[in-house]
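Student: quick one, what's the 3D model for this:
(2 chains)
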Amino acid sequence: MDAAGSAALGDGIAAKKLFRRARPEMDTRFLPWFFPVLFLAIWQAGSAAGWINSRVLPSPLEVFASVFRLSESGELWENLRVSCLRAGCGFVIGGSIGLLLGFFTATSRQLEILLDTSLQMFRTIPHLALTPLVIIWFGIGEQAKIFLIVCGVMFPIYLNTFHGIRSVDPRLIDMGRVYGLGRRELWRQIILPGALPSILVGVRFSMGVMWMTLIVAEGIAASSGIGYMASNAREMMQTDVMVLSILLYAFLGKLADVLARRLERLWLAWRPEFLRAAS
Amino acid sequence: MFLTGTRKEQTSSLLRADAPPGVEVRVCGLEKSYAGRIVLDSLSFSMRPGEFAAVVGRSGCGKSTLLRHLVGLELPDAGEVLVNGQRRACLHADTRIMFQEDRLLPWKTVLHNVSLGLGEAGMPAARAALAAVGLADRADDWPAVLSGGQKQRVSLARALAHAPSFLLLDEPMGALDALTRLEMQRLIEELWLERRFTALLVTHDVGEAITLADRIILLENGRIARDLAVDLQRPRRRNAKEFGRLEVEVLEWIMSMHGGFI
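Tutor: Just a heads-up that it's a prediction; the model follows:
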């Protein structure tokens, strides 16, 4: 190929690269909200045109109106607060238990043999199946809900912590020993950071379990909370409040996920996928 | 011969200039077997302070096991390692190893990888070591953005930051491309000439062993098959006649040792 030809080809490649580089510069901030907004628009249009019976499914505007009604009476905020508190309490307690169990069983072979069979058996029970028993044990007080969340949240974190610690590269641990790290420093500088990605997967997963458990528990046995608000609304055929409760769960779930992602960005900034995203 | 003499004079003046940190190493009757398979078979040799030796042999001849014993990660079934006359049975701060893989911690920046085990007080030493391998400007980068050769240089800096008097090199250039490998060899030689630690390099590459070492130890089935002095002027050129002759000699020896496989 002559020089002119290869130069032309080079130009072609440069142009293609320019074109490709130009595309990701498009503002993608609002793209994730395209489908939620479209959905709301169709829903509202359907209600306005009379295709959807408002007694079966109220229009988004009606739901929006119920937000004002309920927040003015303070009912919404009180229920939201109670639900978040329960979720948080259960998550912290269950997460801590899972984390500690994971540490101990991953570190000690004896403890693993002692505990693993029991934990695996306990794990296979769908924790929501405990609900009737839990109501008998704790009544419909706070303990019942928190207990159920603890049961649900514990295992994803336990399993991922255990797996994370066990899968830390033993060559890195050897290296740490050669470079003079003691037992405690090995944990702090090599084992925990190495297990952290896996632990955070457990955290994200258990956040999903947390909301699901809360919905069920509050719907069956509660006198406050969003789940209670929903089941109460069902008794009185207030479909707008029922829909609102469901939307609130979606919102809270998304919020928890955003939080978990923030933690990942913060703690796992060294991972290649975040480095690429940053550059 | 005249030239060799000059080199020796130069190095001895260097030795006097900054107190020689190299240790004397004696390996006496080291034995180790795993599940009945003998890996080290009453292995004995000794190294002068500041000597650079290379251990060459096929995979599974006990090279890496020997290094794990020297660094103190494993204990022998029999025999002992003496460093400056003292029996060595555990990890020690004067001995550092550079592995075949970089083994950098991906969650620490380059600088914090280099200062591993030194704490905050070791930051100046870590920065100096990074500068010595030419990566001072990458101190705050994550290891994930470095190339393979750069990572291996960081891992060399990590070893140097501890100012070891005994440096073990476990095929540190095995995974590098040919050009990077040559650069790395030159860097290791320069730093060794400057600091004069005792160095033991394990390698598959006969040319690399001749380029760097004063002495080549051929290992076969956990025993020393041959111990060869390399008396060539530094820096050594691969196209020099003596270099080629020695390379052929060692290679032929290895070929005859195990029927053409290395």
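
Student: stretch B:25-36: which residues count as buried?
Tutor: Buried residues in stretch B:25-36, counting neighbours by 16 or more other CB atoms under 10 Å in any protein chain shown, are found at B:25-28, B:30, B:32. C-beta: built from backbone N, CA, C; applies to glycine.

Student: near chain A, which of those show up?
Tutor: When contact is defined as CB under 8 Å from any CB of the partner chain, the buried residues of stretch B:25-36 do not meet chain A at all.

Student: okay, and which of those residues map to strands?
Tutor: The members of these that map onto strands under DSSP state E are B:25-28, B:30, B:32.

Student: can you give me the distance of B:Lys241 to chain A?
Tutor: Note on B:Lys241: its distance to chain A, by CB to the nearest CB, to the nearest Å, is 40 Å.

Student: count of neighbours near that residue?
Tutor: B:Lys241 has 8 neighbouring residues, counting by other CB atoms under 10 Å in any protein chain shown.

Student: and for A:Lys254?
Tutor: Applying other CB under 10 Å, we find 11 residues neighbouring A:Lys254.

Student: need the three-state assignment for it.
Tutor: Secondary structure for A:Lys254, judged by DSSP: H, G, I helix; E, B strand; the rest coil, is helix.

Student: save the buried residues of stretch B:25-36 as CSV, and put in pLDDT too.
Tutor: Below are the buried residues of stretch B:25-36 laid out as CSV (pLDDT from 0 to 100):
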residue, pLDDT
B:Val25, 92
B:Arg26, 92
B:Val27, 92
B:Cys28, 91
B:Leu30, 90
B:Lys32, 91
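
Student: out of these, who's nearest A:Val63?
Tutor: For the buried residues of stretch B:25-36, the closest approach to A:Val63 (CB to CB) belongs to B:Lys32, at 74.1 Å.

Student: my read is that the closest one contacts B:Val39, right?
Tutor: Yes: with contact defined as CB atoms under 8 Å, B:Lys32 reaches B:Val39; the gap is 5.1 Å.

Student: which residues do these two both contact?
Tutor: Common contacts of B:Lys32 and B:Val39 (CB atoms under 8 Å, 6 or more residues apart in numbering or on different chains): B:62, B:65, B:222.

Student: just checking, what packs against the longest helix seen in chain A?
Tutor: In chain A, ranked by residue count with DSSP state H as the criterion, the top helix is helix A:75-107. Contacts defined by 3 or more CB pairs under 8 Å, 6 or more residues apart in numbering or on different chains; DSSP states H and E place helix A:75-107 against helix A:60-72, helix A:109-124, helix A:142-166, helix A:192-220, helix A:226-235, helix A:239-267.

Student: circling back: reformat the ones in strands among the buried residues of stretch B:25-36 as TSV; add distance to A:Ala269.
Tutor: As requested, these are exported to TSV (distance: CB to CB, whole Å):
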residue	distance to A:Ala269
B:Val25	42
B:Arg26	47
B:Val27	44
B:Cys28	49
B:Leu30	45
B:Lys32	42
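
Student: where are the low-confidence patches of the chain?
Tutor: This is for chain A. Along chain A, the parts satisfying pLDDT under 70 run over A:1-26, A:277-279.

Student: not what I meant, chain B
Tutor: Within chain B, the stretches with pLDDT under 70 are B:1-20, B:258-262.

Student: now stretch A:143-159: buried residues?
Tutor: Those would be A:144-159, for stretch A:143-159 by 16+ other CB under 10 Å.

Student: ok, now which ones touch the closest residue to B:Arg215 other than its chain neighbours?
Tutor: Once flanking residues are discounted, B:Arg215 sits nearest to B:Ala53: 4.6 Å by CB to CB, 6 or more residues apart in numbering or on different chains. If a contact means CB under 8 Å, 6+ apart, then B:Ala53 has B:47, B:199-201, B:213-217 as its contacts.

Student: repeat for A:Phe147
Tutor: Counting by CB under 8 Å, 6+ apart, A:Phe147 touches A:90, A:134, A:137-138.

Student: can you tell me which residues in the stretch 151-262 of chain B are near chain A?
Tutor: Counting by CB under 8 Å from any CB, the stretch 151-262 of chain B sits next to chain A at B:158, B:162.

Student: helices along the stretch 151-262 of chain B, start to end?
Tutor: Here the stretch 151-262 of chain B has its helices, by DSSP state H, counting those that start in this stretch, at B:178-195, B:206-212, B:241-257.

Student: contacts for the last one next, please.
Tutor: For helix B:241-257, the surrounding residues in contact (CB under 8 Å, 6+ apart) are B:56-58, B:206-207, B:209-210, B:216, B:218, B:220, B:225-226, B:228, B:230, B:232, B:236-238, B:262.

Student: among these, name the buried ones.
Tutor: Members of the contacts of helix B:241-257 classed as buried by 16+ other CB under 10 Å are B:56-57, B:206-207, B:209-210, B:216, B:218, B:220, B:225, B:228, B:230, B:232, B:236.

Student: residues in contact with the residue of the stretch 51-200 of chain B found nearest chain A?
Tutor: Nearest residue of the stretch 51-200 of chain B to chain A: B:Gly117, at 3.9 Å (CB to the nearest CB). B:Gly117 is in contact with A:176, A:179-181, A:185, B:162, counting by CB under 8 Å, 6+ apart.

Student: same thing but at 10 Å, please
Tutor: Neighbour list for B:Gly117: A:175-182, A:185, A:189, B:93, B:96, B:158, B:161-162 [criterion: CB atoms under 10 Å, 6 or more residues apart in numbering or on different chains].

Student: show me those that map onto strands.
Tutor: Reading strands off the contacts of B:Gly117 with DSSP E, I get B:Arg96.

Student: now the buried members of the contacts of B:Gly117.
Tutor: In the contacts of B:Gly117, burial by neighbour count holds for A:175-181, A:185, A:189, B:96, B:158, B:161-162, counting by 16+ other CB under 10 Å.

Student: where's A:Phe34 relative to chain B, distance?
Tutor: Applying CB to the nearest CB, the value for A:Phe34 to chain B is 33 Å.

Student: any figure for the gap between that residue and B:Ile188?
Tutor: As for A:Phe34, its distance to B:Ile188 is 57 Å (criterion: CB to CB, to the nearest Å).

Student: and these two? which has more neighbours close in?
Tutor: Regarding A:Phe34 and B:Ile188, a neighbour count based on other CB under 10 Å identifies B:Ile188 as having more, with 24 against 9.

Student: would you check that that one makes contact with B:Leu176?
Tutor: No: counting by CB atoms under 10 Å, B:Ile188 sits too far from B:Leu176 to count as a contact (11.9 Å).

Student: quick one: which two of the contacts of A:Phe147 are the most distant?
Tutor: So, these by CB to CB: farthest apart are A:Gly90 and A:Trp137, at 15.7 Å.

Student: ok, these two, which is more surrounded?
Tutor: Per other CB under 10 Å, whichever of A:Gly90 and A:Trp137 has more neighbours is A:Gly90, with 27 against 11.

Student: list the contacts of the closest residue to A:Ile165 other than its chain neighbours.
Tutor: Distances taken as CB to CB, 6+ apart put A:Ala106 closest to A:Ile165, at 3.8 Å, once the chain neighbours are dropped. Contact analysis of A:Ala106 by CB under 10 Å, 6+ apart lists A:112, A:158, A:161-168, A:191, A:195.

Student: contact partners for residue 188?
Tutor: No chain specified, so I'll use chain A. A:Arg188 neighbours (CB under 10 Å, 6+ apart): A:181-182.

Student: you looked at the wrong chain, it should be chain B
Tutor: Per CB under 10 Å, 6+ apart, neighbours of B:Ile188: B:52, B:98, B:133, B:153, B:156, B:167, B:169, B:172-173, B:199, B:201, B:208, B:211-212.
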